[in-house]
Structures are given as C-alpha cells and as structure tokens.
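below is the structure, and that's it, no one-letter string:
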C-alpha cells in the first residue's frame, strides 16, 4: 500500500498515482444528462443557466448545472453540464464519459479539435450548429473519426444553422443562444411545445426587457425560428466504417498553406491538448522543469472562431492603418511591397500605390488572417 498517493494525475515520474477503474454510474436512470459545447460570449452558458432555472421552477424535476470555462474568456471554449430528473441529484461532478443523453456543439471549430462525443451515450441525441443539412455536405465537412463514432453509437443526428437564423432576425451572428435553447427544449420534451415557448419568452422578457423592444422581439423571433430550421440527418450505415475523403482531409487543415510554419514540439504536446480540453490527461513527464512557455504560439493555434471577417476594400482605403492598430489580436497587417515582391504575389492579391513621397515605387496592401480573427468588428469601428 502507498501512504502518499494521487488520483486523476498520470504521475509517470514518481509513480504516486493510483490507476482509476471503470466509471461507476451513480446517477439514477430517471435523470437526463446533457452536455453543451459553446464559445465564451455566445450566450450558451447564460441560456443553460436559464434552462436550469426554468426546469427547476416550473416542474417537479430536480435540476443541476455545472459550467466549465476556458481562461481565454470571450471566444474561448465553454462546456455546460446539465442534469434534471424526478429524484434528488447528488452528483457533485461533471457528466461522466458515455452518459450524456443529449450533446450539442454550438460551433463547428470544436468538431475538428475536440472529442465532442466522449460524453455521449449510445442512442442519444447529437445536435450541431452548422450550415450543412445534407449527408453529402457532412461527409465532406465532418472528419471520418466523428462520422464513425456517430454511427457506432447510433446517435440521432440533427443540424441547425443558428448563425444564419440569428442574422435573419436582426441579431449578431454569434448570438445563437435562443436558437440552441429552443432546439434543446424541443428535442428534450421536458415541456409541451407551447408551454416551453411561453416559458422561454418570459425568460427573454426578464433578461432583455430593460434593453430595448427590438432586442426582445429579435430574440423571440429567433426562438420561434429554431424548430423550423432544425434538420434530422438520416446518415447511412456506411458511416460506421467511414474514411476521410480528399475534401474532408483538406477541411482538417484548412488554414495550412505553403507558407505555414512547421508546428513545434510544445504546441504539439501542450497547445493541442489545451485547446481540445484534454490537458488533464498529460503525464507529469511532459512538463519541463521551470514551466517555460515559448512565445509565438498563436502561429499554430488558428482557432477559426469568426462567423464574419473583415474585407479590405482597396479603393476606399486611406492607408491610415487604424484597423491594424485597433485589432486586438494582430490579425490585420499592413504591407509595403517593392516591384519584385508584387510580381511574386499570387493571383487575387490586391495592392494599391503607396501614399506618401517617402514610399515612392512601393505598393500597399492590407492582409487579414481569417483563422486568427475573432469577429469582434473593432476594425470596422475604427475605419474612417
């Protein structure tokens, strides 16, 4: 026996950890468990807190919510764990692997970098916020590992383009919380449809009533449109043995170009584990003494969060560089090119003659990194 030991840490150096056995499910079978993958500031956490309150206040069910946040704040990842059922809930921990009855992914960036179905149980519901509503489109956009898991677990697969719905009712593209919440209540069947609609609209009045009638109306319109834009995908059995095709392989490295830097060892080990939310599984031997972190890791992260990215309009540009100065993520960069550099640019690379006598013979261009952009629109506000 060990007098000193750890649990949950893979201590392969001092060997103090005790191996964990299989998961013991202590949650009553009548309890429904749900997991929601969202982005910080997209409203997912707020909507799930509201859902927990609605279920707890307006039914005889017990309700519990647990929320895990990334340190990156807005634009970082959030995972919401909800439970509700007729028996008291005493599980003071997240939903365990393979136990979720409902899994929702609120942004497509999670599909490529995270194991989004690790919590999903067999025959459960899986909802993706994405613009793809056909099997052909999903076969090109989803990695084969995800399609195999969907089929092998026999999941009920749904898609909804919540960003498009939000824009259509006058909301910012990232404000998808009402659409995804309406989808959850529709599929979970906690309330009859009309009762759910009334309760959610009351919640909107409480949440946004002090802001403006237009915001309230837009959120209610988004809620009403959610079910109409929900698609159930009847995928083929062949997905159980799916392999990546040429298109899906390109999608998994969509940011890579011939100019991309080769990913370093630190990013391969740490950054991928952190962004996929699997860093807890790293062994102690992976950490260097002193805890140094190399700079320049953004070059490899490429979160791809923005639903809308800015477009440079050369003929309107005054070359003031305020967009670049204001960009909080250094996504927008101005460039000066000489004649040889301009001739070497790829097709479609736009430039204009640089303004100012000291820049004679040079060409000016603004370039944007779409996979680093967060869609904050500061550049648009700064542009004169």
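Cool, got the structure. Quick caveat: nothing in here was measured; it's all calculated off a predicted structure.

which of the helices and strands in this protein ranks last by mean pLDDT?
Using mean pLDDT, DSSP states H and E, helix 298-301 stands out as the lowest-scoring helix or strand of the chain, at a mean of 84.

now that one: buried residues?
Neighbour-count burial for helix 298-301, counted by 16 or more other C-beta atoms under 10 Å, picks out 300, 301. C-beta coordinates here come from the backbone N, C-alpha and C atoms, glycine included.

quick one: name whatever helix or strand follows it.
Remark: after helix 298-301, the chain's next helix or strand is helix 322-326, criterion DSSP states H and E.

mean confidence for that next one?
Per-region confidence: helix 322-326 scores 96 on mean pLDDT.

repeat for stretch 46-54
The model assigns stretch 46-54 a mean pLDDT of 92.

contacts for the least confident helix or strand of the chain?
Contact partners of helix 298-301, identified using C-beta atoms under 8 Å, 6 or more residues apart in numbering, comprise 261, 263, 264, 267, 271, 275, 329, 372.

and of those residues, the nearest to residue 100?
Checking those against residue 100 with C-beta to C-beta, the nearest one is residue 275 at 21.1 Å.

neighbours of the closest one, how many?
If you count neighbours by other C-beta atoms under 10 Å, residue 275 ends up with 22.

for it, what are phi and psi?
Dihedral angles of residue 275 (phi, psi; degrees, to the nearest 10) stand at phi -70, psi -30.

the residue lying closest to it once chain neighbours are set aside: what's it in contact with?
Using C-beta to C-beta, 6 or more residues apart in numbering and skipping the chain neighbours, the partner closest in space to residue 275 is residue 113 (5.4 Å). Applying C-beta under 8 Å, 6+ apart, we find residue 113 in contact with 272, 275, 276.

can you give me the neighbour number for the closest residue to residue 209 other than its chain neighbours?
In space, and not counting its chain neighbours, residue 209 is closest to residue 216: 6.3 Å by C-beta to C-beta, 6+ apart. The number of residues packed near residue 216 is 17, by other C-beta under 10 Å.

cool, the one 4 residues further on as well?
The burial count assigned to residue 220 is 18, neighbours taken as other C-beta under 10 Å.

quick one: the host helix or strand of it to chain centroid distance?
Residue 220 belongs to helix 213-226 when assigned by DSSP H and E. Remark: helix 213-226 is offset 23 Å from the chain centroid, using C-alpha atoms, centre = their mean, to the nearest Å.

what is it packed up against?
The contact analysis (3 or more C-beta pairs under 8 Å, 6 or more residues apart in numbering; DSSP states H and E) places helix 213-226 against helix 162-168, helix 177-188, helix 193-208.

confidence score at the residue nearest to residue 209?
94.

dump the residue contacts of residue 220.
Counting by C-beta under 8 Å, 6+ apart, residue 220 touches 178, 201, 204.

at 7 Å instead, please
Applying C-beta atoms under 7 Å, 6 or more residues apart in numbering to residue 220 gives the contacts 201, 204.

what separation do you get for it and residue 257?
From residue 220 across to residue 257, the span is 43 Å (C-beta to C-beta, to the nearest Å).

residue 96 against residue 24, yeah?
No - between residue 96 and residue 24 there is no contact under C-beta atoms under 7 Å: 8.7 Å.

follow-up on the earlier one: okay, buried residues for the following helix or strand past the helix holding residue 220 please.
Later in the chain than helix 213-226, the nearest helix or strand by DSSP H and E is strand 230-233. Buried residues in strand 230-233, counted by 16+ other C-beta under 10 Å: 230, 233.

next one: stretch 30-50
By 16+ other C-beta under 10 Å, the buried positions in stretch 30-50 come out as 31-48, 50.

ok, residue 231 to residue 344 distance?
Between residue 231 and residue 344 the computed distance is 45 Å (C-beta to C-beta).

an error on my part: the question was meant for residue 32.
Per C-beta to C-beta, residue 32 is found 59 Å from residue 344.

can I have the buried ones of the contacts of helix 298-301 as a PyMOL selection?
In PyMOL syntax, the buried subset of the contacts of helix 298-301 is picked out as below (16+ other C-beta under 10 Å):
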select buried, resi 267+271+275+372
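
OK, contacts around the residue positioned nearest the centre of the chain?
Centroid-nearest residue in the chain, with C-alpha atoms, centre = their mean: residue 107, separated by 3.6 Å. Shown in contact with residue 107 (C-beta under 7 Å, 6+ apart): 38, 39, 129.

of the residues you listed, just say which sits nearest to residue 54.
For the contacts of residue 107, the nearest to residue 54 is residue 38 (17.9 Å; C-beta to C-beta).

ok, now which ones touch that closest one?
Contacts of residue 38 by C-beta under 7 Å, 6+ apart are 44, 45, 78, 80, 106, 107.

now the terminal residues of stretch 5-25, how far apart.
End-to-end distance for stretch 5-25, by C-alpha to C-alpha, to the nearest Å: 24 Å.

where along this structure do the strands fall?
Ranges of strands within the chain are 6-7, 17-18, 32-39, 62-69, 77-85, 100-105, 120-129, 156-160, 230-233, 332-337, 352-353, 363-368, based on DSSP state E.

and those as JSON lines, adding mean pLDDT?
Shown next, in JSON lines, are the strands of the chain (pLDDT from 0 to 100):
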{"stretch": "strand 6-7", "mean pLDDT": "88"}
{"stretch": "strand 17-18", "mean pLDDT": "90"}
{"stretch": "strand 32-39", "mean pLDDT": "95"}
{"stretch": "strand 62-69", "mean pLDDT": "94"}
{"stretch": "strand 77-85", "mean pLDDT": "95"}
{"stretch": "strand 100-105", "mean pLDDT": "97"}
{"stretch": "strand 120-129", "mean pLDDT": "97"}
{"stretch": "strand 156-160", "mean pLDDT": "98"}
{"stretch": "strand 230-233", "mean pLDDT": "97"}
{"stretch": "strand 332-337", "mean pLDDT": "96"}
{"stretch": "strand 352-353", "mean pLDDT": "95"}
{"stretch": "strand 363-368", "mean pLDDT": "96"}
